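**Student:** Provided below are the primary sequence and the corresponding predicted coordinates.
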Amino acid sequence: MLFQGAGVTDPASVVRIRRTFQGGVTAWPFREYLSVREARLTTAEPWFARQADWGLKPDESLGTVTVHLVAPSFFNTFGASPALGRLLRTDDDGAAVPPVLVNHRFWEQRLGTDRDIVGASLFLEGKRLVVAGVLRRGFIGPILPTDNPPAFWITLGTAGRLWPDRGPLTFESEIPVNLAGRLQPEASMRQAEAELQVMASRLASNRAAASHVGVIVEPVRERDARIGIGVLILLSGVVVIAYLNLANLQLASAKFRRSETAIRMALGASRSRLILQALLEGAALSVPAAVTGSVLAYRFLPLFASALGVGDTVDVTPQAPSIAVIGLLTVAAVLAGALPQLSTWATSTQLPVTTGPRHSISATVARRSIMIQAGASATFVLLAALFARAFVHVARFDFGFDVNRLVEAAGASGQTSSGIDAAYWAEAIHRVRELPGVDAVALAAQSPLTARITPAVHENRTSPGFFDVMGFRVLRGRSFTDEDCRTNATVAVITSSVAGQFWSNENPLGASLGRVNRRLADVVVIGIIPDAATNRIGLPNPGMVYRPLVAPGPRDVLVVRAHGEGISMVRPLRDALGGIDPTVRLRVWPLSHYYLPQLGYVKAVSVLAGGLALLSTILAVIGVAGVTALAVARREHEIAIRLAVGATHAQVLRLVLRDALRPALFGLAVGLVVVVVGGRFVAAVLYGISPLDPIALAVGATILLLSITLAALGPAWRASRLDPAVMLRQT
């Protein structure tokens, strides 16, 4: 998910082209795209996403999936190729039965890898389509894995057949589309942005509007790149500490095998033979571990992703680049295990073969080993504490409403019929309220994301009872009434963040919204509610302004709170609404289908990052125990002398613990510096937690000191129990 990319060729040149107006990001009207596509420095491809019910039979619903509507040139621009069948073509717009392309992962998970699927029929929103092909593995287009990758692709020209409000696309169409493209080889993002800025300003309706229109060209995978860097840092920590442990193990082995090596060289063993032995010993440790890890990853990673709610359209199976990295790490592990053994090169045949206190490891080398181990340990123990805090934050993520109980029915997702009016919605609300298992029902202009007032504030219009449906508690003031909606009262309910941002310590009740936007100067604040998740997880939530919904129409949304799981109400709601007017087809879907895939991805990243950090911590503690034992073994003769001249066992115990904790404190200082300076590299996977979170850092430091103390206790205790007479007799 993090490293295999979106399946596009040359991803470094792929960019997202955003249009801004008055500082907020907006979609491109299709008519403007028709001019922007003439840009010289970029190729721009339009696309937009819709949610659709899908099935293999006309009246069957197998769930709600994401569908991307694209231009036929989209696939050539981003380097897609079919695993089965063909790509979409320009002449597909006029086909009697629209063709559709299938996501490779979705084909595996939901269609059983049926190779006869090409030419077969499937149904989206009850409309028949024919499968033209299955895209190659890994391709999701110029989006992020967190952007709910599509299960299907169809052409923009056929959009109107499924969603009449999205067609036909003409030179005058205001239908909103997203733009993504590819930079020309000689162009930079800033140059392309400047060219598109000029074009967008010319397309503005008037000079005043032109001054507020802007263009942002940015890498598509910028956020995932930050996440990848964060996880890569943790993965590097696991590898570094594992290699340090292996090297220290082999270093200790070389110490105790010095006499053996001298004897073998005296008997005629060549250095090349000793080198080969060292490499084989390293391989014997590393290769089985690499094979076992690869098999476990291939077998259990998809199950792990599924358990965390990662969707059926994201491919998480290990690919060839991952296997290549494992091979390189295995070679590095072999070398890390072999190099300490190669220190025996310095051994000569004249070395006395004794068991006395002669050691091949100097005090300086041992001290540096402990410091390096302690520094690496401290860094990753602190990171582990940060990620543990982040995981707890994600596990307790509060949407501000019960996402599992909410269901929506959208009147704008395929209907512009005049039949969907206030009377239609009144009948719909009446019928839905009568259904068993429904707790509350209301209308909203848009949900869950809403129209912008400013970049930091969004607006929505709702009917009375909407806050009860969502579970929003009115903190101060009151909610809307039927009279407010009937008279189109100039009143509004705002969220706590809007109140804090624009009124600070003042009381906003009764105040004008002119502070938020001048066009709302005659609107009065009547209530304040808590903030809720109205943006993608991991991104800041905008403040909200809610106003009364007047004259409900075809673009509004029915929001229902079920008594139990919302998904269980999809079929009853669809049946109840379908009986009002047979010509009207509404799309019904649980709100969890929008939010839970995002939460699953966030949980997956948090678990992965936290797991790597925890593994680093365990390896670090093991390494510190091993290095401390090695240091004690090096000082056995010194300890024996101390005991012989009167040192107590308690004094020896304190001596060893002090020598172990001294580099630990040094490592803690180094780790704190590394985390403070480099925290921005892992900030992308610390959802809701600062890299400088004082609680996490304090807990991490405490865990480090306790772990090293416990790890050093064993060697220290054994050292304090040495028999000085036995040790001195061996010298």
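**Tutor:** Perfect, I can see it now. Numbers count the residues shown, from 1 in each chain.
**Student:** what's around Leu285, how many residues?
**Tutor:** If you count neighbours by other CB atoms under 10 Å, Leu285 ends up with 15. Every residue, glycine included, has its C-beta placed from N, CA and C.
**Student:** Test my guess that it contacts Ala333.
**Tutor:** Yes - between Leu285 and Ala333 a contact is recorded at 7.4 Å, counting by CB atoms under 8 Å.
**Student:** Which secondary structure elements does the helix or strand encompassing Leu101 sit against?
**Tutor:** Secondary-structure element containing Leu101, defined by DSSP states H and E: strand 99-102. Other elements packing on strand 99-102 under the criterion 3 or more CB pairs under 8 Å, 6 or more residues apart in numbering; DSSP states H and E are strand 127-135, strand 152-155.
**Student:** Okay, now the sheet partners of that strand, with direction.
**Tutor:** strand 127-135 (parallel), strand 152-155 (antiparallel) (DSSP bridges).
**Student:** So if we follow the domain assignment, how does this structure break up?
**Tutor:** 11-220, 224-396+598-729, 412-585 (automatic domain parsing).
**Student:** okay, those in JSON lines with mean pLDDT next?
**Tutor:** Shown next, in JSON lines, are those (pLDDT from 0 to 100):
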{"stretch": "domain 11-220", "mean pLDDT": "84"}
{"stretch": "domain 224-396+598-729", "mean pLDDT": "70"}
{"stretch": "domain 412-585", "mean pLDDT": "83"}
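**Student:** Output the longest strand belonging to the protein.
**Tutor:** strand 42-55 (DSSP state E).
**Student:** counting contacts, what elements does that one pack onto?
**Tutor:** strand 14-21, helix 30-36, strand 64-70, helix 74-77, strand 121-124, strand 176-183, helix 189-203, strand 587-590.
**Student:** Nearest to Val457, out of the ones you listed?
**Tutor:** strand 14-21 (14.5 Å; CB to CB).
**Student:** If you count neighbours, what's buried in that closest one?
**Tutor:** For strand 14-21, a neighbour-count test (16 or more other CB atoms under 10 Å) marks 14-20 as buried.
**Student:** Name the residues that touch it?
**Tutor:** 8, 25-28, 32, 36, 42, 44, 78, 142, 178-183, 189, 192, 196, 200, 209, 212-221 (CB atoms under 8 Å, 6 or more residues apart in numbering).
**Student:** Distance from the chain centre to it, please.
**Tutor:** 21 Å (CA atoms, centre = their mean, to the nearest Å).
**Student:** how deep is the nearest residue to Ala192 once chain neighbours are set aside tucked in, by neighbour count?
**Tutor:** Nearest residue to Ala192, sequence neighbours excluded (CB to CB, 6 or more residues apart in numbering): Leu41, at 4.3 Å. As a burial measure, Leu41 scores 18 neighbours (other CB under 10 Å).
**Student:** Same question for the one 10 residues further on.
**Tutor:** For Gln51, the number of neighbouring residues by other CB under 10 Å comes to 17.
**Student:** Look up how far Arg461 lies from it.
**Tutor:** Counting by CB to CB, to the nearest Å, the gap from Gln51 to Arg461 is 21 Å.
**Student:** now Pro436
**Tutor:** Counting by CB to CB, the gap from Pro436 to Arg461 is 30 Å.
**Student:** Compare these two (neighbour count), which wins?
**Tutor:** Arg461 (22 against 7).
**Student:** May I see the domains of the chain arranged in JSON lines, with distance to Arg405 as well?
**Tutor:** Output for those, formatted as JSON lines (distance: least, CB to CB, whole Å):
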{"stretch": "domain 11-220", "distance to Arg405": "17"}
{"stretch": "domain 224-396+598-729", "distance to Arg405": "15"}
{"stretch": "domain 412-585", "distance to Arg405": "5"}
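**Student:** right, and those domains - which one's nearest Asn404?
**Tutor:** If we rank the domains of the chain by CB to CB, the stretch that ends up nearest is domain 412-585, at 5.9 Å.
**Student:** gap between the closest one and the chain center?
**Tutor:** 29 Å.
**Student:** same thing with stretch 281-298?
**Tutor:** Relative to where its chain is centred, stretch 281-298 has its mean C-alpha point 28 Å off (CA atoms, centre = their mean).
**Student:** Show me which residues of that stretch are buried.
**Tutor:** Quick answer for stretch 281-298 (16+ other CB under 10 Å): 281-283, 286, 290, 294, 297.
**Student:** Please list the members of those that lie in helices.
**Tutor:** Using DSSP state H, the subset of these located in helices is 281-283, 286, 290, 294, 297.
**Student:** out of those residues, who's nearest Val97?
**Tutor:** Ala297 (41.5 Å).
**Student:** quick revisit: would you convert the ones in helices among the buried residues of stretch 281-298 into TSV that also reports distance to Val559?
**Tutor:** Shown next, in TSV, are these (distance: CB to CB, whole Å):
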residue	distance to Val559
Glu281	66
Gly282	62
Ala283	61
Ser286	56
Ala290	52
Ser294	47
Ala297	42
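**Student:** For those, work out which two are farthest apart.
**Tutor:** Glu281 and Ala297 (25.4 Å).
**Student:** related to what we said a few turns ago, indicate which one of the strands paired with strand 99-102 is closest to Val70.
**Tutor:** Of the strands paired with strand 99-102, the one closest to Val70 (CB to CB) turns out to be strand 152-155, at 5.7 Å.
**Student:** Other residues contacting that closest one?
**Tutor:** With CB under 8 Å, 6+ apart as the criterion, strand 152-155 contacts 52, 54, 65, 67-72, 74, 88, 92-93, 98-103, 106, 124, 129, 135, 141, 162.
**Student:** Got a quick ChimeraX command for the buried subset of those residues?
**Tutor:** Buried residues within the contacts of strand 152-155, by 16+ other CB under 10 Å, are selected in ChimeraX with:
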select :52,54,65,67,68,69,70,71,72,74,88,92,93,98,99,100,101,102,103,106,124,129,135,141,162
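**Student:** Identify the bridge partners of Ala444.
**Tutor:** Beta-bridge partners of Ala444, as defined by DSSP bridges: Thr462, Val557.
**Student:** Spit out the contact partners of it.
**Tutor:** Ala444 touches 460-463, 466, 549, 556-557, 559, counting by CB under 8 Å, 6+ apart.
**Student:** Adding distance to Leu692, write the residues you listed out as a markdown table.
**Tutor:** Converted to a markdown table, the contacts of Ala444 look like this (distance: CB to CB, whole Å):
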| residue | distance to Leu692 |
| --- | --- |
| Asn460 | 35 |
| Arg461 | 41 |
| Thr462 | 39 |
| Ser463 | 44 |
| Phe466 | 39 |
| Leu549 | 44 |
| Asp556 | 45 |
| Val557 | 41 |
| Val559 | 39 |
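**Student:** correct me, but Arg182 touches Thr77?
**Tutor:** Yes - between Arg182 and Thr77 a contact is recorded at 5.9 Å, counting by CB under 8 Å.
**Student:** what's the overlap in contacts for the two?
**Tutor:** Thr43.
**Student:** separation between the nearest residue to Val287 once chain neighbours are set aside and Ala324?
**Tutor:** Closest residue in space to Val287, ignoring its immediate chain neighbours: Thr330 at 6.2 Å, by CB to CB, 6+ apart. Distance, Thr330 to Ala324, using CB to CB: 11 Å.
**Student:** more crowded one of the two?
**Tutor:** Each of Thr330 and Ala324 has its neighbours counted (other CB under 10 Å); Thr330 has more, 19 against 10.
**Student:** wait, what's in contact with that one?
**Tutor:** By CB under 8 Å, 6+ apart, the residues touching Thr330 are 286-287, 290.
**Student:** could you redo the last one with a cut-off of 10 Å?
**Tutor:** Thr330 makes contacts with 282-283, 286-287, 289-291, 293-294, as judged by CB atoms under 10 Å, 6 or more residues apart in numbering.
**Student:** can I get these in CSV with distance to Ile117?
**Tutor:** Output for the contacts of Thr330, formatted as CSV (distance: CB to CB, whole Å):
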residue, distance to Ile117
Gly282, 48
Ala283, 45
Ser286, 43
Val287, 40
Ala289, 40
Ala290, 37
Val291, 35
Gly293, 34
Ser294, 30
